[in-house]
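*Asks:* what follows is a predicted protein model with its sequence.
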Amino acid sequence: MSLLRAILLMIGLAMGSYVVGGLIGVPALPGVMVVASAVWVLIDARRLRLQRYRTGLTSPAVATVGVLALWFLFFPWYLVTRHRILAGEIHPRYLEDPGLYH
């Protein structure tokens, strides 16, 4: 996923949750969306073993806390990083720290 697509997705999610929250009378829906996306990041980053890659997002916990604290910055960053890992553009840190693979 390109950075532009990640940003557009983020804007769409933010606007959609704001509009839907207003329509159904749940003004906290954008906050719920941020928490839900952070939970997804935690689960997905663990599945990907994010700590195995040199990404700047050093662990699933860092990515999750980042999404919770600065969603508009960390969520697109995670989406782009995830895409690059799955596409094979970012390779694991072999043998640098064997403890990362347990």
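*Replies:* Everything's here; your move.
*Asks:* would you mark the buried spots in the helix or strand harbouring residue 32?
*Replies:* Assessed by DSSP states H and E, residue 32 sits inside helix 29-48. Within helix 29-48, the residues that qualify as buried are 29, 30, 33, 34, 37, 38, 41, 42, 44, 45, 48, counting by 16 or more other C-beta atoms under 10 Å. Quick note: C-beta positions are derived from backbone N, CA and C, even for glycine.
*Asks:* what's around the closest residue to the last one other than its chain neighbours, how many residues?
*Replies:* This points to residue 48. Nearest non-adjacent residue to residue 48, counting by C-beta to C-beta, 6 or more residues apart in numbering: residue 85, 5.8 Å away. Look at residue 85: counted by other C-beta atoms under 10 Å, it has 19 neighbours.
*Asks:* can you list contacts of the host helix or strand of residue 85?
*Replies:* Secondary structure assignment for residue 85, by DSSP H and E: helix 71-86. For helix 71-86, contacts defined as C-beta atoms under 8 Å, 6 or more residues apart in numbering pick out 1-3, 6-7, 9-10, 14, 34, 37-38, 41, 44-45, 48, 50, 53, 55-57, 63, 66-67, 90.
*Asks:* hmm, try it at 6 Å
*Replies:* 1, 3, 6-7, 10, 34, 37, 41, 48, 53, 55, 57, 63, 66-67, 90 (C-beta atoms under 6 Å, 6 or more residues apart in numbering).
*Asks:* so among those, which ones count as buried?
*Replies:* For the contacts of helix 71-86, buried by 16+ other C-beta under 10 Å: 1, 6, 10, 34, 37, 41, 48, 53, 55, 57, 63, 66-67, 90.
*Asks:* pick out the most distant pair among those.
*Replies:* 34 and 90 (25.4 Å; C-beta to C-beta).
*Asks:* for the longest helix belonging to the chain, which positions count as buried?
*Replies:* Scanning the chain for the helix with the most residues, using DSSP state H, yields helix 3-24. For helix 3-24, the neighbour count (16+ other C-beta under 10 Å) marks 6, 10, 13, 14, 17, 21 as buried.
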